[in-house]
Every structure is written in C-alpha cells, then in structure tokens.
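J.: Pasting a predicted model and its sequence here:
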Amino acid sequence: MCKYEIFQVKRELTREFGYMSKDMLENEINLDNYDSVYQGEIEGNYSNIDTLLEDLFVMFNISHPDNFTGRSMSVSDVVQINDNYFYCDSFGWEKIAV
C-alpha cells in the first residue's frame with residue numbers, strides 16, 4: 001500500500017504555469033501555485049517509483065476514482081509520495097524539491 005497526493009496548478013494560474021515542461025519554467029515549482037486535488041492509497045508492492053508514477057498517470061487519465069474532481073493528469077502536475085515530490089514533465093517524471 002502506498003499513499004500519494006496529487007497537486008494541479010490552480011485554474012487561475014494555468015496560463016502562467018500550467019502544461020509547461022519543467023525546462024520552460026523560469027522559477028522553481030512553488031506549491032502555493034497548486035491545489036491539492038486528490039489524496040489516496042494505491043495497492044501493490046512498488047519497489048520502482050517510475051512504475052508507481054506511471055500507474056497513477058494511467059489511473060488519473062483513464063479510470064478516475066469517483067470522487068476525483070481535478071483535471072486528467074498532465075504535464076505540470078505534481079505527485080507527492082511520502083516526502084518526495086515528482087513533476088509530470090513532457091516525457092516522464094522529474095523528482096523536485098519544493
């Protein structure tokens with residue numbers, strides 16, 4: 001079992017920060033620009049963080065939980081797993097400091 005939290009750029013800041021690869025951002029990622037849109041737990045033994053992140057990406061694009069109110073997961077979303085944060089980049093995930 002693994003706990004996670006998903007953050008998405010606040011709707012009013014989408015033009016400034018949303019859907020941008022990490023390379024396009026001029027500043028560090030600031031969670032003040034994000035809303036927490038979902039917290040949950042996922043079943044499985046995830047020894048590989050990349051597999052966990054990809055499974056979450058699929059889940060939040062194809063089979064959203066019923067109580068999920070955010071947008072489909074995309075570039076610029078941030079996922080927290082334990083004390084680690086990961087930025088959904090154009091190709092894959094990048095571990096970030098927040």
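T.: Noted; the coordinates are in hand. Here the structure is a predicted model, which is why all the values come from computation and not from measurement. Numbering: from 1, shown residues only.
J.: tell me the contacts of the residue nearest to residue 80 when sequence neighbours are not counted?
T.: Computed as CB to CB, 6 or more residues apart in numbering, the closest residue to residue 80 that is not its neighbour in sequence is residue 5, at 4.4 Å. All C-beta atoms are positioned from the backbone trio N, CA, C, and that covers glycine. By CB atoms under 8 Å, 6 or more residues apart in numbering, the contact list for residue 5 reads 36, 38, 39, 79, 80.
J.: gap between the helix or strand hosting the first one and the chain center?
T.: Taking DSSP states H and E as the definition, residue 36 sits inside strand 34-42. In terms of CA atoms, centre = their mean, to the nearest Å, the centre of strand 34-42 is set 8 Å apart from its chain centre.
J.: go on, stretch 33-48?
T.: Stretch 33-48 has its C-alpha centroid displaced from the chain centroid by 8 Å (CA atoms, centre = their mean).
J.: any residues touching that stretch, and which ones?
T.: Residues outside stretch 33-48 that contact it (CB under 8 Å, 6+ apart) are 1-10, 13, 16-17, 52, 55-56, 59-60, 65, 68-71, 78.
J.: for this protein, what helix or strand is lowest in average pLDDT?
T.: None of the helices or strands of the chain scores lower by mean pLDDT, DSSP states H and E than helix 14-17, at a mean of 72.
J.: and the nearest residue to residue 77 once chain neighbours are set aside, what does it touch?
T.: Spatial nearest neighbour of residue 77, chain neighbours left out: residue 88 (4.4 Å); criterion: CB to CB, 6+ apart. Applying CB under 8 Å, 6+ apart, one finds that residue 88 lies in contact with 57, 73, 74, 75, 76, 77, 78, 79.
J.: how far away is residue 88 from residue 45?
T.: Distance, residue 88 to residue 45, using CB to CB, to the nearest Å: 23 Å.
J.: go on, residue 73?
T.: The span separating residue 73 from residue 45 equals 22 Å under the rule CB to CB.
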